[in-house]
Each structure stands twice: as C-alpha cells, then as structure tokens.
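Engineer: For reference, the sequence and a predicted model appear below.
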Amino acid sequence: MSAGARIVAGREVVVHDDEEAVATDGAARLIAALAAAQAARGHASVVLTGGGVGIAMLRAVAASADRDTVDWTRVEVFWGDERFVPAGDAERNDAQAREALLDALPLDPARVHPMASSTPGHAALEAGDLELVGSADPDQGAGAYAQILTAAAARLGESREVPGIPAFDVLLAGCGPEGHTLSVFPDSPAVHATAPGVVAVRDCPKPPPTRISLTLAASRAAREVWLAAAGSGKAEALGRAAHGASEVDIPLAGLAGTERTLWLLDGAAAAQL
Ligand SMILES: O=C(O)[C@H](O)[C@@H](O)[C@H](O)[C@H](O)COP(=O)(O)O
C-alpha cells in the first residue's frame, strides 16, 4: 500500500489538500507505474479519461522532471470513454489529451487508439489493421473499438479475469456528482450491460449526449484502476459507493482493478467516506 493511503471498503484511498495535489500525485504515480510495467513486461498500457482532474493529471505528467523515465515509444494508449463529436472537436477527450500531453511525447502512432469520432468515413491504417476512427453511427464506433481491444489483447496479454480485453496496466477514471464514471451513468443501459465490451451511450445527462464507453466489466480488466476526483460535488457519490451502494445506482462503485483500486481525492471529495 502506498504512503499516506488508507483502506476504505476495499479501495486504497489517498487524500490530498486540493485538486492540483491530486493531479501532481497522480502524474508521479502514473510515470512510476508505466516505467515499472516496462521493466517487468517490456511495454506498458494506459487507459485515459476526460474530465477536469484527468486532463490536469496529463498536464502534470507533461511538466514532470521524471517524464522521460518512461520509454513513451513503447506505451500503448487507450481511452475509457469518448464524446461522440466530430474529429478534432475540442470537446473530445482525445483532443484534450493530445493538447495536454500526448503531442509532446514521442509516442508510436500505431500504439495510440482513439475511439471513433462522429465524422463519417475516416479510416486509418494502424499496426496493419484497419481501425475505424470515424462513423456516423456510435454503435459502429463501439463495435470497432471492441475489435481494437481484442487485437490489443493478443499483443499485450489478455486479462485472465475479463477475456477479450487487454490486462491494461493502469486505467484512469473520473466521476460525476451523480456517480457516473467513464460514460456509464446511473441506471442507464450501459450500467446494465454486464458483458465486458464497448457500448454506444445516448441521452447522457452530462453533455455531449452521445458517447462511446467501455463497460464497467471491461474496465475491470485493468491491473490497476485509479479514480481521481476533487471538489465537494463528488463527495456524496463517493460516500455512497464507500458505504455499499450498487454500481447500478452509483457506477463508480463498480470500478475495480485486478491488482489494485486506488482513489486519489482531495479533502472535499473525501468528506463523506
Ligand atoms: O468524458 C467525460 O466527461 C468523462 O470521461 C467523465 O467520466 C469525467 O471523467 C467525469 O465526468 C469527471 O469530470 P470532471 O473531472 O470534469 O468533473
């Protein structure tokens, strides 16, 4: 267990003073975890999230003096969810991640796997496979991402617990005040999708309304799942999850890594644990 952490209902919880400290600590941990994965397995994989803290963490990685302890040419990058808007739209999680960090790294483009945009007909050749990067239909985009994950599982190692999905080294997630995580919202079709996979999400209460998301079951293929959240608006949902709420009511309660589940919070978000 890491320094300063306590266990709350099976999760390792680290509480910081403010959002900036959450982002800085998350960045340091991410750099260390990716370097350790490369030392152990020769490659590393991370699943990124959108949202304020998730993107702040990427900015902190970009600014870190330890950034180059990771061989970024051998890091495989995925997304846990994506806003289904046109390619390059500033609302897209991948566009925000590129701007915050990815554009500054010597990543291998064949190892960066964005989810589909809503711009139809865009396709790209990646790692010898045809990856669909744009479609008018979010279901088609979700299906394409499921294929990308299956191919990646063959390369990176399939999760023993969740067949067909890679055993990602780290999956990053945020959460909303009503308990959503990824783009899995309370009592929505996505939270009832128990088979591990990738789903199209419609009518999201948080704009934009159409998204693509891993299911909670697919997210649980990751070795380590880290939830980063800050602010009093997240306190009630985190408190309910810590006190046993179901993932149907509070989807973030369903986040769990096969080796570690870590919550990186500020004091305001941790107030009801
Ligand atoms: O695309 C998104 O919106 C997300 O991936 C979403 O799950 C986000 O991480 C949380 O809503 C937290 O967002 P904030 O940190 O901005 O509150």
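Structural biologist: Arrived safely, thanks for sending. All values reported here derive from a predicted model rather than from experimental measurement. Numbers count the residues shown, from 1 in each chain.
Engineer: Give me the distance between residue 60 and the ligand.
Structural biologist: Separation of residue 60 from the ligand (Cβ to the nearest ligand atom, to the nearest Å): 14 Å. The way it works is simple: take the backbone N, C-alpha and C, and place the C-beta from them, glycine included.
Engineer: I'd like to know how many residues surround that residue.
Structural biologist: Applying other Cβ atoms under 10 Å, we find 23 residues neighbouring residue 60.
Engineer: If we ignore the residues flanking it in sequence, what's nearest it?
Structural biologist: The shortest distance from residue 60 to any non-neighbouring residue, by Cβ to Cβ, 6 or more residues apart in numbering, is to residue 27 (3.5 Å).
Engineer: you'd agree that neighbour is up against residue 57?
Structural biologist: Yes. Residue 27 lies in contact with residue 57 (Cβ atoms under 8 Å); the separation is 5.2 Å.
Engineer: neighbour count winner among the two?
Structural biologist: Each of residue 27 and residue 57 has its neighbours counted (other Cβ under 10 Å); residue 57 has more, 30 against 22.
Engineer: Name the residues of the strand or helix carrying the more buried one that are buried.
Structural biologist: Assessed by DSSP states H and E, residue 57 sits inside helix 52-63. Buried residues in helix 52-63, counted by 16 or more other Cβ atoms under 10 Å: 53, 54, 55, 56, 57, 58, 59, 60, 61, 62.
Engineer: Need the per-residue pLDDT for the last one.
Structural biologist: The one in question is residue 62. Here, the pLDDT recorded for residue 62 equals 98.
Engineer: Name the nearest residue to it, sequence neighbours excluded.
Structural biologist: Using Cβ to Cβ, 6+ apart and skipping the chain neighbours, the partner closest in space to residue 62 is residue 101 (4.6 Å).
Engineer: Same check on residue 23?
Structural biologist: Leaving aside its chain neighbours, residue 23 sits nearest to residue 56 (3.8 Å; criterion: Cβ to Cβ, 6+ apart).
Engineer: One more: residue 71?
Structural biologist: residue 38 (5.8 Å).
Engineer: Can I get the helix or strand encompassing the one you found in PDB, CA atoms only?
Structural biologist: Using DSSP H and E, residue 38 sits within helix 19-41. Provided in PDB are the C-alpha atoms of helix 19-41 (Å, rounded to 0.1, in the frame of the first residue of the first chain):
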ATOM      1  CA  GLU A  19      -7.100  19.300  -7.000                       C
ATOM      2  CA  GLU A  20      -3.600  20.300  -8.000                       C
ATOM      3  CA  ALA A  21      -2.100  18.000  -5.500                       C
ATOM      4  CA  VAL A  22      -4.300  15.200  -6.700                       C
ATOM      5  CA  ALA A  23      -3.100  15.800 -10.300                       C
ATOM      6  CA  THR A  24       0.500  16.100  -9.400                       C
ATOM      7  CA  ASP A  25       0.500  12.900  -7.300                       C
ATOM      8  CA  GLY A  26      -1.500  11.000  -9.900                       C
ATOM      9  CA  ALA A  27       1.100  12.100 -12.500                       C
ATOM     10  CA  ALA A  28       4.000  10.900 -10.400                       C
ATOM     11  CA  ARG A  29       2.300   7.600  -9.800                       C
ATOM     12  CA  LEU A  30       1.400   7.200 -13.500                       C
ATOM     13  CA  ILE A  31       5.000   7.800 -14.600                       C
ATOM     14  CA  ALA A  32       6.300   5.300 -11.900                       C
ATOM     15  CA  ALA A  33       3.600   2.600 -12.800                       C
ATOM     16  CA  LEU A  34       4.400   2.800 -16.600                       C
ATOM     17  CA  ALA A  35       8.100   2.600 -16.000                       C
ATOM     18  CA  ALA A  36       7.600  -0.400 -13.700                       C
ATOM     19  CA  ALA A  37       5.400  -2.100 -16.200                       C
ATOM     20  CA  GLN A  38       8.000  -1.600 -18.900                       C
ATOM     21  CA  ALA A  39      10.700  -3.000 -16.600                       C
ATOM     22  CA  ALA A  40       8.500  -6.100 -15.900                       C
ATOM     23  CA  ARG A  41       7.000  -6.700 -19.400                       C
END
